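Novice: kindly generate the corresponding structure for this input.
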Amino acid sequence: MSSPKVLFGFHALGVRLKTAPASILEIHFEADRRDARMRQFLQRAKEGGVRLIESDSERLAKLCGSHGHQGVAARVQALAQQHSLDELLEELEAANAALPPEQRTPPLILVLDGVTDPHNLGACLRVADGAGAHAVIAPKDHAAGINATVAKVASGAAETVPYFMVTNLARTLNELKERGIWVIGTSDTAPATLYQTDLKGPVALVLGAEGDGMRQLTAKTCDALVSIPMKGAVESLNVSVASGVCLYEALRQRS
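Specialist: Sure thing, here's the model as predicted:
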C-alpha cells in the first residue's frame, strides 16, 4: 500500500469526503474556527465516520507545507489510478459503440507540455473537470506531479480527472493519432484560430508552458496548430486560462 499523503482546503477535502471517505485516515481542523462553513464541513466528516483531530493554524501549516489550508487538512490514502491511458480510451470507445451516434461523446484530452508550476497544473485540472475532459497528459521529465498544492488549487479535480505522466510525449501523441484523435497544438504564430477549427470530433488539445510554449518536437507532432486571438496589449494567456478557452470552445461546439 502506498504511503499516506496530505490534502488540504475545503474543496479538495469535500470531494474526497464525497467520493472516497473510507480513504481518509484523519482530518485535522483549526479548533478556533467556528464559522458556518467549518461547522458544515465537520458535520459531513462526522457523518462519514472520519476521525477528527483538533489543531491550530501553525500545526496545520507544518502538516501541509502551506498557510493556505483554510483551517482543514487530512492524511489520506492515495487513490489507485483506475486506468492506463489505453484502458481509458478503450473503455470510452466501447461505451460510445453501445450508444446511438447522437449520444456519443468523442474523446476530449488536454495535453500539457512543460507545465511545471503546481498552481498552473491545479488550475488546468480544475478547468478540465469543468469542461468534461476525459484526461490530462503530461511528460514525466518536465512537468509538475500531483501534490498537496495541486490538489488544493484543483478544488477536487485532482481526484476526478485522470492525470497521466508519460515517458515520451511525442510517441504518446502519435498513438493518439493512430486512434483517430486529432492532435491540435496552440501557437501564437499559427494563421488559423481556435474558432476556425472543428473541435467536435475526437481531439487532444496541446498547450505549452508560458514563455517557452510547446517544445519543437511536440509542435511538429501535432496535426495542426491554432492560435487564440489576442486583441489587447498582452501577447499570451496564462496556460490555465488558455486551457479553459480551448476546452470550453470544444464544449460549445459539441453542445
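Novice: from here on, contacts and neighbour counts on C-alpha atoms
Specialist: Will do.
Novice: which neighbouring elements make contact with the host helix or strand of residue 128?
Specialist: Secondary structure assigned from DSSP states H and E places residue 128 in helix 118-131. The contact analysis (3 or more CA pairs under 8 Å, 6 or more residues apart in numbering; DSSP states H and E) places helix 118-131 against strand 135-139, helix 148-154, helix 157-160, helix 239-254.
Novice: at 7 Å instead, please
Specialist: Counting contacts by 3 or more CA pairs under 7 Å, 6 or more residues apart in numbering; DSSP states H and E, helix 118-131 is packed against helix 148-154, helix 157-160, helix 239-254.
Novice: tell me the most buried of those?
Specialist: When the helices and strands packed on helix 118-131 are scored by mean count of other CA atoms under 10 Å, the highest mean neighbour count falls to helix 148-154 (a mean of 25).
Novice: in the stretch 1-150 of the chain, which spans are strands?
Specialist: 5-8, 24-30, 52-55, 72-76, 108-113, 135-139 (DSSP state E, counting those that start in this stretch).
Novice: turn those into JSON lines, columns for mean pLDDT.
Specialist: Output for the strands of the stretch 1-150 of the chain, formatted as JSON lines (pLDDT from 0 to 100):
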{"stretch": "strand 5-8", "mean pLDDT": "86"}
{"stretch": "strand 24-30", "mean pLDDT": "94"}
{"stretch": "strand 52-55", "mean pLDDT": "94"}
{"stretch": "strand 72-76", "mean pLDDT": "91"}
{"stretch": "strand 108-113", "mean pLDDT": "97"}
{"stretch": "strand 135-139", "mean pLDDT": "96"}
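Novice: low-confidence ranges in the protein?
Specialist: In the predicted model, the chain carries pLDDT under 70 at residues 1-2, 80-82.
Novice: one more time with 80, if that's ok
Specialist: Applying pLDDT under 80 to the chain flags the ranges 1-4, 19, 66, 78-83, 210-212.
Novice: domains for it, by residue range?
Specialist: Listed by automatic domain parsing, the domain ranges of the chain are 5-76, 85-254.
Novice: circling back to that earlier point, of the strands of the stretch 1-150 of the chain, which is nearest residue 204?
Specialist: Across the strands of the stretch 1-150 of the chain, residue 204 has its closest neighbour in strand 108-113 (4.5 Å, CA to CA).
Novice: what comes into contact with that closest one?
Specialist: With contacts defined as CA atoms under 7 Å, 6 or more residues apart in numbering, strand 108-113 is touched by 133-139, 202-209, 214.
Novice: now stretch 215-233
Specialist: Looking at what lies outside stretch 215-233 - CA under 7 Å, 6+ apart - the contacts are 170, 182-194.
Novice: hmm, back to that, now do the helix holding residue 128: distance to the chain's middle.
Specialist: 4 Å (CA atoms, centre = their mean, to the nearest Å).
Novice: got the buried residues for that helix?
Specialist: Buried residues in helix 118-131, counted by 16 or more other CA atoms under 10 Å: 118-129, 131.
Novice: once you drop chain neighbours, what's closest to the spatially most distant residue from the centre of the chain?
Specialist: Distance from the centre of the chain peaks at residue 32, with 32.7 Å (CA atoms, centre = their mean). The shortest distance from residue 32 to any non-neighbouring residue, by CA to CA, 6 or more residues apart in numbering, is to residue 56 (7.3 Å).
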